[in-house]
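> heads up, no residue letters with this:
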């Protein structure tokens, strides 16, 4: 079910990218899912009472907590992988890289599925956006849609990458994902207060 939906979504993303590439190449520079994730959580935080229903609030709080845990794991694994790659001179075949790379890809998949699960507990006007972010995460992990690759993702997929941007990518992603994690804490507290749930 998840796979069929993802394949369809990725086809649409690819079509949009191809159609607009010649018109605005700069707008499709490679970037991380963390940009859209941070933006989405900020939006949800501002109007959480409008974007969910009381009957779904407890489940949403639970799913957001699980997403928060996966995001923390993602940052830890990514940091370990980046450190290892730097230790071996950015060689993806260097000693100790492969196990971390495998864990990194698996965590992206878990993160994508967890993001998808949130869609069931938000109002219809946010569902497409939730699925879109999940698809970006999935595409990053599988290299299906390269317009979302960072320098790390390029390296792991044997693409040319910029070592100068390698660290700045990591810092940007860390800050944006950390911001999303902090915002989720605020959202969950708001849900508890609004609906008097623990």
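Received the coordinates, thanks. No experiment lies behind these values; they were computed from the predicted model shown.
> Can you verify my assumption that residue 107 contacts residue 75?
No - counting by Cβ atoms under 8 Å, residue 75 is not a contact partner of residue 107; they are 9.6 Å apart. Glycine gets a C-beta too; all of them are placed from N, C-alpha and C.
> Of the two, which one has the most company?
Neighbour comparison, residue 107 and residue 75: the larger count goes to residue 107, with 21 against 18 (by other Cβ atoms under 10 Å).
> secondary structure class for residue 110?
Under DSSP: H, G, I helix; E, B strand; the rest coil, the three-state class of residue 110 is helix.
> what number of residues lie near it?
Residues lying near residue 110 (other Cβ under 10 Å) number 17.
> How about it, nearest residue that isn't a chain neighbour?
Residue nearest to residue 110 in three dimensions, not counting chain neighbours: residue 70, with 5.7 Å by Cβ to Cβ, 6 or more residues apart in numbering.
> can you pull the buried residues of the helix or strand that contains that neighbour?
Counting by DSSP states H and E, the element that carries residue 70 is helix 54-87. Across helix 54-87, burial judged by 16 or more other Cβ atoms under 10 Å covers 57, 60-61, 63-64, 67-68, 70-71, 74-75, 77-78, 81-82, 84-85.
> Apart from its chain neighbours, what residue comes closest to residue 87?
Spatially, and ignoring its direct neighbours in sequence, residue 87 is nearest to residue 94 (7.7 Å; Cβ to Cβ, 6+ apart).
> Using the three-state scheme, assign the one you found.
Under three-state DSSP, residue 94 comes out as coil.
> got the contact list for it?
Residues in contact with residue 94 (Cβ atoms under 8 Å, 6 or more residues apart in numbering) are 84, 85, 87, 88.
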